[in-house]
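>>> Pasted the sequence and its predicted model underneath.
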Amino acid sequence: MEKYLELSRLLTDSNDRADAYWAELRTRLEQLPERFTAFLGLDPDERINLGGGYNKRVSGQVVGTANSTVLYDLEVIIHDQHSNSTHFIVQLAFYLDNGIYRLKERNGEFKVDLSPLEDSTEFWDRACKRIFEQILRLTEARAQPLVQVAR
């Protein structure tokens, strides 16, 4: 019975550590929409009317987990100067690797690391800059076929 109790304690400890790991990743990701909204210089509480209701310009959601990774979609709504709205989805993966948090674009466009001793504000600033650059690439790619046709 003693050996069984030891196995039970080990399993409980392992499950508790796993639960804490997932909770930490999700808690950190919950900060991302507000931080990216602030990075863009917008009010995080502002909501815009898209016809079907009011939405935040930047939102995000966990879309799944794989191995030790949280899969996350960050949605950004941008209006052009003619009030046309476009939705951008930046697909992210967030995980802990040898004590270092890694946020990466799921297609491999960029990766941002956070060491345990580093200020998390610097990490989110770098992450927001990379996400912004990715949305710029997506915007340019969206316009590229139109520019080629116009030539």
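Thanks, I have the structure now. Note that the coordinates shown come from a computational prediction; the quantities given were computed from them, not determined experimentally.
>>> Which residue, other than its chain neighbours, is closest to Tyr21?
Nearest non-adjacent residue to Tyr21, counting by Cβ to Cβ, 6 or more residues apart in numbering: Leu96, 6.7 Å away. Yep, even glycine has a C-beta here, placed from its N, CA and C like the rest.
>>> I'd like the distance between the one you found and Met1.
Separation of Leu96 from Met1 (Cβ to Cβ, to the nearest Å): 36 Å.
>>> In PDB, list the C-alpha atoms belonging to the strand or helix carrying Phe36.
Phe36 belongs to helix 32-39 when assigned by DSSP states H and E. In PDB, the C-alpha atoms belonging to helix 32-39 read as follows (Å, rounded to 0.1, in the frame of the first residue of the first chain):
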ATOM      1  CA  LEU A  32      -1.900  40.100 -25.100                       C
ATOM      2  CA  PRO A  33      -5.000  41.800 -26.600                       C
ATOM      3  CA  GLU A  34      -4.900  44.700 -24.200                       C
ATOM      4  CA  ARG A  35      -1.100  45.100 -24.600                       C
ATOM      5  CA  PHE A  36      -1.400  45.000 -28.400                       C
ATOM      6  CA  THR A  37      -4.200  47.500 -28.300                       C
ATOM      7  CA  ALA A  38      -2.100  49.900 -26.200                       C
ATOM      8  CA  PHE A  39       0.900  49.300 -28.600                       C
END
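>>> Which positions within that helix qualify as buried?
By 16 or more other Cβ atoms under 10 Å, the buried positions in helix 32-39 come out as 32-37, 39.
>>> Stretch 126-137 now?
Neighbour-count burial for stretch 126-137 flags 126-128, 130-131, 134-135 (criterion: 16+ other Cβ under 10 Å).
>>> do the same with stretch 35-55
For stretch 35-55, the neighbour count (16+ other Cβ under 10 Å) marks 35-37, 39 as buried.
>>> And the average pLDDT for it is what?
For stretch 35-55, the mean pLDDT works out to 85.
>>> same check, this time on stretch 7-19
Stretch 7-19 comes out with an average pLDDT of 89.
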